[in-house]
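K.L.:
just the structure for this:
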Amino acid sequence: MVETITSAFVDEFPDLLANRKVLFTAIMCFIEFLLGVPCVMQGGVYILQIMDWYCATFSLMLLCLAECIAIAWIYGVDRFYKDLELMIGYQPSVWWKICWCFISPTMITFIWLFSVLNFSAVTYGDYEYPDWGIALGWMFGLASLVPIPLCAIISILKEQGPITSRIHKLCQPTEDFGPAVPEYREKYLASLDTRHSYLPTLRNRRPPSKLSMTELQTSPESQIFITSS
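P.N.:
As a prediction, this is how the structure comes out:
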């Protein structure tokens, strides 16, 4: 959990945090320690129950569904397969493509609907939470969901032109998308075919200059660096 949060911030603000990752990680560990202290107090189990009740079912399933849709249908499962092949040297089985496109979204949707239909106010044994406790639970659950549509709306409003053109533009790769090392960037561009409508534009874009890179070991003989965008 710590690495997930720190990596997200470092990737978003590389100029500020790339050279201070150890210090930033220590700060995040201290902050998360403080956030976890209430859960180990005398009434911590009641707080933990609220978090588990509203976050582990309602919001988590929607986040997983959004991730499946974003990767398989918006970014494109074929693009994702090309990226995986470039990173690990081969394409995974077609079974994974079927899972990402159809099986996983369908099962997640059914699980989420089942959770919603059987949803009730949070309780712990015979204890019924007050209204402010229920409101706190909904705040926990929505805290991870609201940023998704909110950031999407903000990004759309910042663009110009018809709404369809804005959405189409936002679905295209940014200038620094792809491998950072020129050699691997050329391989990445060569792996794309004519079905990728953004290919001519991406070929003409400059190579990335300031990137937060994640080192991926593909074989004992070679290494590849992919932007974490």
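K.L.:
what helix or strand is the spatially most central residue of the chain on?
P.N.:
What sits nearest the mean C-alpha location of the chain, by CA atoms, centre = their mean, is residue 67, with 6.6 Å. Here residue 67, judged by DSSP states H and E, is contained in helix 60-69.
K.L.:
if you count neighbours, what's buried in the helix or strand just after that helix?
P.N.:
Using DSSP H and E, the helix or strand that follows helix 60-69 in sequence is helix 77-88. Under the neighbour-count criterion of 16 or more other CB atoms under 10 Å, helix 77-88 has 77, 79, 80, 81, 82, 83, 86, 87 buried. Using the backbone N, CA and C atoms, a C-beta is placed for each residue, glycine as well.
K.L.:
one more: stretch 179-188?
P.N.:
For stretch 179-188, burial by neighbour count (16+ other CB under 10 Å) applies to 179, 180, 181, 184, 185, 188.
K.L.:
contacts only, for the last one.
P.N.:
Residue 188 sits next to 82, 83, 86, 178, 179 when contact means CB atoms under 8 Å, 6 or more residues apart in numbering.
K.L.:
quick check: pLDDT value at residue 227.
P.N.:
Per-residue pLDDT puts residue 227 at 43.
K.L.:
again with residue 118
P.N.:
pLDDT at residue 118 comes out at 88.
K.L.:
check the one 3 residues further on too.
P.N.:
What the model reports for residue 121 is a pLDDT of 86.
K.L.:
thought it was touching residue 133?
P.N.:
No. Residue 121 is beyond contact range of residue 133, at 9.3 Å (criterion: CB atoms under 8 Å).
K.L.:
so how far is the helix or strand in which residue 6 is found off the chain centroid?
P.N.:
Of the helices and strands defined by DSSP H and E, residue 6 is found in helix 2-12. Here the centre of helix 2-12 is set off from its chain's centre by 11 Å, with CA atoms, centre = their mean, to the nearest Å.
K.L.:
quick one: name whatever helix or strand follows it.
P.N.:
Past helix 2-12, the next helix or strand by DSSP H and E is helix 14-17.
K.L.:
now the element after that next one, going C-ward?
P.N.:
Downstream of helix 14-17, the next assigned helix or strand under DSSP H and E is helix 21-36.
K.L.:
got the contact list for that following helix?
P.N.:
With CB under 8 Å, 6+ apart as the test, helix 21-36 has contacts from 1, 2, 5, 6, 9, 10, 17.
K.L.:
mind checking which of the residues you listed are buried?
P.N.:
Buried among those (16+ other CB under 10 Å): 6, 9, 10, 17.
K.L.:
contact partners for the last one?
P.N.:
When contacts are counted by CB under 8 Å, 6+ apart, residue 17 touches 9, 10, 24.
K.L.:
ok, those residues vs residue 150, which is closest?
P.N.:
Top of the list for closeness to residue 150, among the contacts of residue 17 and by CB to CB, is residue 9 at 18.2 Å.
K.L.:
may I see the buried residues of stretch 34-49?
P.N.:
Residues of stretch 34-49 classed as buried by neighbour count (16+ other CB under 10 Å): 46, 47, 49.
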